[in-house]
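Enquirer: no sequence on this one, just coordinates:
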């Protein structure tokens, strides 16, 4: 990736969300267990993967699911 391309893709937007104590403990336990060193990247990739997977699953098809299973 050229330096010019990287400049165009600077991450300048923040998203903030809150977790309960048990949710935070679950996430922190996962991060420790799988030795994730870059939490920001992990959160970003996890969220974007979920979005892309959902969009892929919702993509319109010529036939509905029931017709394809027959």
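Expert: Noted; the coordinates are in hand. Computed from a prediction, not measured in an experiment: that's the story for all the values here.
Enquirer: pull the longest helix from the chain.
Expert: As assigned by DSSP state H, the longest helix anywhere in the chain is helix 39-57.
Enquirer: next, residue 11: phi, psi?
Expert: When read as degrees, to the nearest 10, the backbone of residue 11 gives phi -90, psi 100.
Enquirer: could you list every residue that touches it?
Expert: Contacts for residue 11 were tallied using CB atoms under 8 Å, 6 or more residues apart in numbering; there are none. (Each C-beta comes from the backbone N, C-alpha and C, glycine too.)
Enquirer: how near is it to residue 19?
Expert: Per CB to CB, to the nearest Å, residue 11 is found 21 Å from residue 19.
Enquirer: picking that back up, identify each buried residue in the longest helix of the chain, please.
Expert: Going by neighbour count (16 or more other CB atoms under 10 Å), nothing in helix 39-57 comes out as buried.
Enquirer: which residue lies nearest the spatial centre of the protein?
Expert: For the chain, the residue sitting closest to the mean C-alpha position, by CA atoms, centre = their mean, is residue 47 at 2.1 Å.
Enquirer: beyond the longest helix of the chain, next helix or strand please.
Expert: helix 65-69 (DSSP states H and E).
Enquirer: residues of that following helix that come out buried?
Expert: Neighbour counts over helix 65-69 (16+ other CB under 10 Å) mark no residue as buried.
Enquirer: how far off centre is that helix?
Expert: 29 Å (CA atoms, centre = their mean, to the nearest Å).
Enquirer: got it, and stretch 9-16?
Expert: 14 Å.
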